[in-house]
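J.: have a look at this prediction, sequence included:
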Amino acid sequence: MTTAIIVGRSRPDLAKRCLDSLGEAQPERTVFVVNKCPETVALVAGYAWVEVINHPRNDGFWHGMNLALASVPEREPFCYFGQDVIFDAAWLEHSSAMFRDKFPTGLGLLCFWDGLHDGGIAAHGMTTRAWLNVVYGLPLFPSEAFYHYHLDSEFSHRSKTMARYEYCPASKVPHLHEPSGFKDVDRLGINDYNSNNTRWGEWGATGYNFAMDRLRRTA
């Protein structure tokens, strides 16, 4: 089973466009986490095939992602998205086939064609909690370090340096990159920048070796 996890907040119009495009291209399971927005909760609840997690606070994208990951088995693929994407009809077919071929044990990160980064980073991607555990030592995203920005870049970089990163250009998930109602963007951006800079040095000093050791013990 593959789980698509979408995290959104305000702008229910973006949530509607996202879910309408997913439509018949939906995976076996779709979870939509809504951070503090009753209007978006009401909209998403109209899609019977979507599981809704109504989070009463806006604790950031990655914390919302972790709320959904609690019910995903560690070796089972999941995909992470913001609500400002739309889905090509064959996105899952292509990405699932490549993920199974390249990462038969689930240990890696795959990114889609998004019209922005196109393989450079996995702003949205397919992976497993087992791979998160290899990279970070816990089967969750480090949401205590990142609110919204830069974790996608960090996760991509670490996966690349460990030779566990693949780009699937046939899997098209355009990222329209529209504001979704986050507040205090400047403050949050500064915090994320500082965390990103600190963690970059830590990865080079010790983190990479620790992760490679976890990979050898996990693979």
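T.: Sure, I can see it. Bear in mind the structure is a predicted one, so any value in this text is a computation, not a measurement.

J.: just name the shakiest helix or strand of the chain by mean pLDDT.
T.: helix 185-202 (a mean of 73; mean pLDDT, DSSP states H and E).

J.: so Val33, which state does it fall into?
T.: Using DSSP: H, G, I helix; E, B strand; the rest coil, the structure places Val33 in strand.

J.: what's the distance between it and Glu93?
T.: For Val33, the distance to Glu93 equals 25 Å [C-beta to C-beta, to the nearest Å]. Using the backbone N, CA and C atoms, a C-beta is placed for each residue, glycine as well.

J.: when those two are compared, which one has more neighbours?
T.: Between Val33 and Glu93, counted using other C-beta atoms under 10 Å, the more crowded position is Val33 (24 against 13).

J.: OK, contacts around that one?
T.: Applying C-beta atoms under 8 Å, 6 or more residues apart in numbering, we find Val33 in contact with Ile5, Ile6, Val7, Gly8, Ile53, His55, Gly64, Met65, Leu67, Ala68.

J.: name the helices or strands packed onto the helix or strand that the last one is a member of?
T.: What that stands for is Ala68. Per DSSP states H and E, Ala68 falls inside helix 61-69. For helix 61-69, the contact count by 3 or more C-beta pairs under 8 Å, 6 or more residues apart in numbering; DSSP states H and E identifies strand 3-8, strand 29-35, strand 50-55, strand 78-82 as packing neighbours.

J.: angle of the last one against helix 61-69?
T.: The directions of strand 78-82 and helix 61-69 differ by 140 degrees, with axes from the mean of the first three to the mean of the last three C-alpha atoms, to 10 degrees as the criterion.

J.: what are the contacting residues of strand 78-82?
T.: Residues contacting strand 78-82 (C-beta under 8 Å, 6+ apart): 2-8, 18, 27, 61, 65, 69, 72, 95, 124-129, 173, 175, 180.

J.: any idea which helix or strand comes after that strand?
T.: helix 91-102.

J.: I'd guessed Ser10 sits against Val41; true?
T.: No: using C-beta atoms under 8 Å, Ser10 is not in contact with Val41, being 11.0 Å away.

J.: what bridges to the spatially most central residue of the chain?
T.: The structure's the chain has its C-alpha centroid closest to Tyr80; by C-alpha atoms, centre = their mean the separation is 2.7 Å. Per DSSP bridges, the residues bridged to Tyr80 are Ile5, Gly125.

J.: what's the spacing between it and Ala90?
T.: Taken as C-beta to C-beta, the span from Tyr80 to Ala90 is 20 Å.

J.: over to Arg199?
T.: Separation of Arg199 from Ala90 (C-beta to C-beta): 36 Å.

J.: the more surrounded of these two?
T.: Ranked by neighbour count (other C-beta under 10 Å), Arg199 and Ala90 place Arg199 first, with 18 against 12.
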